[in-house]
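Chemist: Following is a predicted model, sequence given first.
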Amino acid sequence: MRDVQSGPADVALRIDRVGVKHLAVPLTVRDRLGGYQRTVANVDLSVDLPARFKGTHMSRFLEALQGMDVALDLDSCRNLIHDLRDRLQARSSHLCFSFSYFLEHCAPVTGSPALMDYACFLRGVLQDGAVQLVLGVDVPVMTVCPCSKAIAAEGAHSQRAVVRMEAGCGGMLWLEDLIAIGRESGSSPVYALLKREDEKFVTEDAFAHPAFVEDVVRSAAQRLANHPRVRGFRVEVESMESIHNHSAYACIEQPGS
């Protein structure tokens, strides 16, 4: 049959990235304790396309993904991104897996367990023979405004904030590590299940540790910089302010070495 994609392009321009987006697939993710977690991923796959070709072969992206029959980790991502490049005869290839990851946290006083879900991604690029992988996660926290606490005769405004981290991987970097960094950087972690004794503790503990978004982003950045398997990072903190009609925001980036 005629291979139209491999024919000449009407406009001979190189395309930086062409591929498929929003593939929903079942996914198995390795966890730090040596087990596995089943979830659902949204997958984007792409490669570059030389100017001489009219189009790429879309079916080959799905064939490569179908061949990835192991749990998602750094090795399986490296194998997939090389497979994409080779199948499509490209110079560069890209992938991104976005998925929910669940961790059980116990309430601070009663110890009541409950699952928290975290929005995560693993993004990779293969270019000039080198693979770069970035692990990311959004971690919700609670913040109490230091200024509000200092000037108010009673109470202070508090709100939920999100610590968004993207970390380059120098070895096996676990989602649990990034989640712990985020949870430790705010005024208080956020929990799925709290009894009254727990709620009292969380509220009082948060008010004992007020933090601006600037404090939170610096705390997270310092922890990321000190992690032995992080090779460059970007951390953002967005606070959905409870008494303002806007969010407060801060960001720190450190390029990989």
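Modeler: Everything's here; your move.

Chemist: separation between the closest residue in space to D83 that isn't next to it in sequence and L95?
Modeler: Beyond its immediate neighbours in the sequence, the residue positioned closest to D83 (C-beta to C-beta, 6 or more residues apart in numbering) is A64, lying 4.7 Å away. Backbone N, C-alpha and C define where each C-beta goes, glycine included. Counting by C-beta to C-beta, to the nearest Å, the gap between A64 and L95 amounts to 9 Å.

Chemist: and for the two, which residues touch both?
Modeler: Applying C-beta atoms under 8 Å, 6 or more residues apart in numbering, one finds that A64 and L95 are jointly contacted by L45, L80, L84.

Chemist: Look up the pLDDT of the second one for me, please.
Modeler: In other words, L80. Model confidence at L80, given as pLDDT, is 94.

Chemist: can you count the residues close to the closest residue to it other than its chain neighbours?
Modeler: Spatially, and ignoring its direct neighbours in sequence, L80 is nearest to M68 (5.0 Å; C-beta to C-beta, 6+ apart). Under the neighbour criterion other C-beta atoms under 10 Å, M68 is assigned a count of 18.

Chemist: try K21
Modeler: Summarising burial for K21: neighbours were counted as other C-beta under 10 Å, giving 10.

Chemist: tell me the contacts of it?
Modeler: Residues in contact with K21 (C-beta under 8 Å, 6+ apart) are D44.

Chemist: I'd like the numbering to begin with 46 instead of 1 from here.
Modeler: Noted, 46 is the first residue going forward, which turns the last one into K66.

Chemist: Phi first, then psi, for it.
Modeler: The main-chain torsion angles of K66 are listed as degrees, to the nearest 10 and equal phi -130, psi 160.

Chemist: do the same with the one 3 residues further on
Modeler: Note on A69: backbone dihedrals following degrees, to the nearest 10 are phi -90, psi 120.

Chemist: quick one, what contacts it?
Modeler: A69 makes contact with V85, A86, N87, V88 under the criterion C-beta under 8 Å, 6+ apart.

Chemist: For the stretch 46-195 of the chain, which segments are assigned as strands?
Modeler: Counting by DSSP state E, counting those that start in this stretch, the stretch 46-195 of the chain has strands at residues 60-75, 81-94, 138-151, 158-172, 175-189.

Chemist: can you pull out the strands in the stretch 196-302 of the chain?
Modeler: Read by DSSP E, counting those that start in this stretch, the stretch 196-302 of the chain holds these strands, from start to end of the chain: 203-214, 233-234, 275-285, 292-299.

Chemist: same for the second one, what does it pack against?
Modeler: Right, the one you point to is strand 233-234. Counting contacts by 3 or more C-beta pairs under 8 Å, 6 or more residues apart in numbering; DSSP states H and E, strand 233-234 is packed against strand 175-189, helix 241-252.

Chemist: Residue ranges in the stretch 96-245 of the chain under the pLDDT threshold?
Modeler: Applying pLDDT under 70 to the stretch 96-245 of the chain picks out residues 100, 114.

Chemist: if we go to 90?
Modeler: Applying pLDDT under 90 to the stretch 96-245 of the chain flags residues 96-104, 111-121, 133-134, 173-174, 197-201, 214-218.

Chemist: Just the buried ones among the contacts of A69, please.
Modeler: Neighbour counting with 16 or more other C-beta atoms under 10 Å marks A86, V88 as buried within those.
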